[in-house]
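Chemist: no FASTA, just this:
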């Protein structure tokens, strides 16, 4: 038998379909663990269940897979593209899922392991806390901006000195209350984020994949675990180009006959993973990795946002290579990479006191990572061309800065002469 489930928050509409598709039975069940357990006990190893991916799909899948022969999770966007009906009801949706499963024409989604699912929940929880922390900071800035008040200590508002200064400000009663409340909320959120970060650090210290990803510039503990949570098993992606597509970092393509148009990125897949990739690219764009030569070249043409998105796509390709071949990144800065890995080196071999590794190979050996393999001819050519492009970019930027300074000096000299 084939069972199509149209899942909602309060109930699940079930369509029970025979193997030949002629006999059909529709009925609802409650969306509770007890009702799903009772429904699952009626299933056998010859029964096949399908449901669309939604917020509680993983819980339903974990219950029913213990009883049914197979439980398939369908991609709702692709199902809608395949089977679009003018009349849409819960019964029709459940019947459509059962028919697609019976015909073997169902766009399935691979369900993550329990460990991967737990990682995704933790990363989503941290992202929510960071959003709330940003909202609290914006509320504090709004109070100061409304009163035309500038903070006196340093360029950053949320230092300890500035916080003490804000606590002593004389404000109207209502704004004093709002500022105190926002400062207290910000303190609590920062403590919660720190607790989550410590949890992530403990998880990362026993995972070699996290260490491998942290050898890439711009990738910290949170980003590395977020990538692994989104990717799951890297063997799902047969080529490195598939991973940026899964992250939604590739451009849309509209092609027909001789016409082909490319648009904005697709934004398919995990929004949280794509956000982490963009954040890592923001950090990487300020460093000296060979990857950023293309960023600066594109930034001059199309601006920072487009360039950093393209850099995020390149970064995800590097992530795919690192996880597939289980080789650390060979173009990392020695000092910064060692500082990142030593945070995780709870059980890794330590170097003698006072001795600092001078090469990247020594840093990776200290962290217990695989040794670097000799670079291929293609890697050597790419590294050489990137160094040339990077040096040219730096030279043109320095030349532009000197010319701007010269113009400013000439304008100042003219003003002094005229006066």
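Modeler: The structure has been received and is ready for your questions. Keep in mind it's a predicted model, so treat the numbers as computed, not measured.
Chemist: contacting residues around the residue minimising distance to the centre of the chain?
Modeler: Closest residue to the average C-alpha location of the chain: residue 273 at 1.8 Å, with CA atoms, centre = their mean. Listed by CB atoms under 8 Å, 6 or more residues apart in numbering, the contact set of residue 273 reads 226, 227, 229, 230, 231, 247. C-betas here are computed from N, CA, C, even on glycine.
Chemist: Among these, give me the pair with the biggest separation.
Modeler: 229 and 247 (12.4 Å; CB to CB).
Chemist: Just want to know which of these two has more residues nearby.
Modeler: For residue 229 versus residue 247, the count of surrounding residues by other CB atoms under 10 Å is larger for residue 247: 28 against 23.
Chemist: surely the more buried one meets residue 316?
Modeler: Yes - with contact taken as CB atoms under 8 Å, residue 247 and residue 316 are classed as touching, separated by 5.5 Å.
Chemist: residues shared between the contacts of the two?
Modeler: residue 277.
Chemist: Please compute how far stretch 233-245 lies from its chain's middle.
Modeler: Relative to its chain's centre, stretch 233-245 lies at 15 Å (CA atoms, centre = their mean, to the nearest Å).
Chemist: which of the residues in it are buried?
Modeler: 234, 237, 240, 243, 244, 245 (16 or more other CB atoms under 10 Å).
Chemist: From the chain's centroid, how far away is stretch 155-174?
Modeler: Using CA atoms, centre = their mean, the offset of stretch 155-174 from its chain centre is 34 Å.
Chemist: hmm, who's touching it?
Modeler: By CB under 8 Å, 6+ apart, stretch 155-174 touches 137, 140-141, 143-144, 147, 149, 151-154, 176, 179-180, 183, 186.
Chemist: Those residues, buried ones only, as a ChimeraX selection?
Modeler: Here is the ChimeraX selection string for the buried members of those, based on 16+ other CB under 10 Å:
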select :137,140,143,144,151,179,183,186
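Chemist: Between the contacts of stretch 155-174, which sits nearest residue 98?
Modeler: Using CB to CB, the contacts of stretch 155-174 come closest to residue 98 at residue 137, 49.8 Å.
Chemist: Doesn't the closest one lie inside a strand?
Modeler: No - counting by DSSP: H, G, I helix; E, B strand; the rest coil, residue 137 is not part of a strand but helix.
Chemist: Near residue 85, how many other residues are there?
Modeler: 11.
Chemist: What sits closest to it if chain neighbours are left out?
Modeler: residue 92 (5.9 Å; CB to CB, 6 or more residues apart in numbering).
Chemist: That neighbour against residue 84, yeah?
Modeler: No - with contact defined as CB under 8 Å, residue 92 and residue 84 do not form a contacting pair (11.1 Å).
Chemist: Those two: which is more packed in?
Modeler: Counted by other CB under 10 Å, residue 92 and residue 84 do not tie: residue 92 has more neighbours, with 16 against 9.
Chemist: helices or strands next to the helix or strand hosting the more buried one in the packing?
Modeler: Applying DSSP states H and E as the criterion places residue 92 in helix 90-103. On a contact count with 3 or more CB pairs under 8 Å, 6 or more residues apart in numbering; DSSP states H and E, helix 90-103 meets strand 2-7, strand 11-17, strand 24-30, strand 48-52, strand 70-74, helix 76-82.
Chemist: please redo it, this time with the cut-off set to 6 Å
Modeler: strand 2-7, strand 11-17 (3 or more CB pairs under 6 Å, 6 or more residues apart in numbering; DSSP states H and E).
Chemist: Just say which of those is most tucked in.
Modeler: Mean neighbours per residue, mean count of other CB atoms under 10 Å, is largest over these for strand 2-7, with a mean of 24.
Chemist: how's this protein carved up into domains?
Modeler: The chain breaks down by automatic domain parsing into domains covering 2-109, 114-204, 209-366, 383-419.
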